[in-house]
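Visitor: Model the structure of this input:
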Amino acid sequence: MAAGKGLFVGDISLDTTLSMAHIPQPDEKVMVHINSESAGGVISNAAMACRLAGADVALAIETGDDLFADSLLRGLQRAGLRIISRKVPGRTCRAIILLEPHGEKRLLLEPGVTLYPSLEWVRTLDLHDIEWVHTAAYGASAWHLIERCRLAGCKWSLDLEPATFANGLEPLFPLLDGAEAVFCNQRALRQLGDDPVARLLGLGVKAVICTLGPLGARYVSADADLRARYPADAVIVDTTGAGDCLAGWFIAGRLAKKSLQQSLTQAVFAATYSCGQMGAQPSYPSIAQLQQYQCAGTPDSDA
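Guide: Below you'll find the model as predicted:
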């Protein structure tokens, strides 16, 4: 069976990672070092990871009309991503990642105009031959995108970040009902209250993928409960974008018709690999790099 095509719709940013000895106290000056500066954004990161995993992927974004928008796009295109984009007046999103020596990070985000494509732009997207759409509900046009997925028979998945349900989960009900998968980090799970996985499945989500930090990840659906983790002691340098890497690799596995367990295991290994490097997209492994990394051992997983 031929591999399917993926479409990622959402945000792009310029990410600057600054390492420091500690977070400054009020009126304290702390010297920093710029470790990484590259394209970022939850959905752009996941699209890059999915492409590096070998999938046929397109990324639909809007950029600002500032000086660095074109350079961000060129970097994505060099990796083989098909870019569907247009410029709109304003600033491209900017993210500043503050990184302490033990790998703890804090993010500062200036949204600009690129957190989510406009309704006008979403209406132009061609879903013909698209098997899977991945997005995050950072804009009102996400509701229209998901409705188009339903009509076209596309699978869709959501990155359920806390910022996307700041006003509660109820506004997202139409997006969750029928979703092939929802990706949740530990912070999102805590904010969803008691038994968040059961709650999401009860809202019509087909599967919940929980990222669990050093414990790996868990995939839960009505008829499966799978786990995967890196079996050795992982080197943790920077966790920025690790969850996005996991989402991209998991979707690539499913587009390639790999089993759920294989897709989850490869995604966990890829995310763990990324934590050993600085930055988000610059840290993501290629297929060859991941294969070498997996030789470190056999995943600790159970069904």
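Visitor: now the residue nearest the centre of the chain: how far from H144?
Guide: Nearest residue to the geometric centre of the chain (CA atoms, centre = their mean): D244, 2.6 Å. D244 sits 23 Å away from H144, going by CB to CB, to the nearest Å. The C-beta positions use only the backbone N, C-alpha and C, and glycine is treated the same way.
Visitor: cool, L175 as well?
Guide: Taking CB to CB, one finds L175 at 11 Å from H144.
Visitor: more crowded one of those two?
Guide: Counted by other CB atoms under 10 Å, L175 and H144 do not tie: L175 has more neighbours, with 25 against 14.
Visitor: Show me where the chain has its helices.
Guide: Using DSSP state H, the helices of the chain run over residues 42-52, 69-78, 119-123, 141-152, 173-176, 186-191, 196-202, 242-255, 260-274, 287-294.
Visitor: so what secondary structure elements neighbour the first one?
Guide: Helices and strands touching helix 42-52, by 3 or more CB pairs under 8 Å, 6 or more residues apart in numbering; DSSP states H and E, are strand 5-9, strand 56-63, helix 69-78, strand 130-135, strand 155-159, helix 242-255.
Visitor: angle of that helix against strand 130-135?
Guide: 140 degrees (axes from the mean of the first three to the mean of the last three CA atoms, to 10 degrees).
Visitor: about what we covered before: reformat the helices and strands packed on helix 42-52 as TSV; add distance to S36.
Guide: Formatted as TSV, the helices and strands packed on helix 42-52 follow (distance: least, CB to CB, whole Å):
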stretch	distance to S36
strand 5-9	21
strand 56-63	20
helix 69-78	12
strand 130-135	23
strand 155-159	21
helix 242-255	14
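Visitor: most tightly surrounded among those?
Guide: The highest mean neighbour count among these, using mean count of other CB atoms under 10 Å, belongs to helix 242-255: a mean of 28.
Visitor: just how off-centre is that helix within its chain?
Guide: Relative to its parent chain, helix 242-255 has a centroid offset of 8 Å by CA atoms, centre = their mean, to the nearest Å.
Visitor: That one versus strand 155-159: what angle between them?
Guide: 170 degrees.
Visitor: tell me the mean pLDDT for helix 242-255?
Guide: Helix 242-255 carries an average pLDDT of 97.
Visitor: Which of the helices and strands packed on helix 42-52 comes out lowest on mean pLDDT?
Guide: helix 69-78 (a mean of 90).
Visitor: Now do it: which elements does it pack against?
Guide: strand 32-40, helix 42-52, strand 56-63, strand 82-87.
Visitor: Worst mean pLDDT among these?
Guide: Mean pLDDT, when computed for each of the helices and strands packed on helix 69-78, is lowest for strand 32-40, at a mean of 89.
Visitor: so who does M278 touch?
Guide: T17, S19, N35, S36, V237, D238 (CB atoms under 8 Å, 6 or more residues apart in numbering).
Visitor: if we go to 10 Å?
Guide: With contact set as CB atoms under 10 Å, 6 or more residues apart in numbering, M278 has these partners: T17, S19, I34, N35, S36, S38, I97, L99, V237, D238, T240.
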